[in-house]
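Enquirer: Here's a sequence, model it:
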Amino acid sequence: MAIYIIGCFVFVASGWYVICNPRNYLDIFMGWLGVLFFGLGGLMLLYLAIKEFLMRKPYLTITEKSVIARSLTTKEYLLEDVDYFKYLKAWKLIGIHYKKGAGRKKMKEASIIGRFVRKMNVEVLNTQETLSAYCLSVEPEDLCELLNSRQR
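Expert: Predicted coordinates:
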């Protein structure tokens, strides 16, 4: 995660350089866009790293009945609702494929924005929800296999 944080702040510095040495107004706009995007991303990653370090709780916790994911918020995915997990290599994500009834229930319970995100996930990734597989100490394929074995 440290490499991502450093990378964000390198892009912030390069955006700031473009703002200070513009050739035209597009440079100023693109510089500010880079500073805002990578600055907020870097701050979010820094926050998550400090939160994980201070709380001493890992990003993923696997119990007998659920998977708990901690990022900006804490989400619990009940294994009884899950049909299977699938590793999405191109995006480095683990897709959560719900059983039919549970998937419909999750869609109904979601907010308007949550429904939109879920529908986009289904269209693009063929899954309603995902877990990030970045910065884990285990290989994503192995984690997916473990989750599927626990779920049965």
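
Enquirer: for this structure, which spans come out with low pLDDT?
Expert: 152 (pLDDT under 70).

Enquirer: Tell me the backbone dihedrals of the residue nearest in space to the middle of it, please.
Expert: The centre of the chain sits closest to residue 132, judged by Cα atoms, centre = their mean, with a distance of 4.6 Å. With angles defined as degrees, to the nearest 10, residue 132 sits at phi -70, psi 140.

Enquirer: Relative to residue 70, how far out is it?
Expert: 11 Å (Cβ to Cβ, to the nearest Å). Glycine gets a C-beta too; all of them are placed from N, C-alpha and C.

Enquirer: quick one: common contacting residues for the two?
Expert: Taking Cβ atoms under 8 Å, 6 or more residues apart in numbering as the criterion, residue 132 and residue 70 both touch residue 59.

Enquirer: Kindly check the end-to-end length of stretch 78-92 for me.
Expert: With Cα to Cα, to the nearest Å applied, stretch 78-92 spans 22 Å between its terminal residues.
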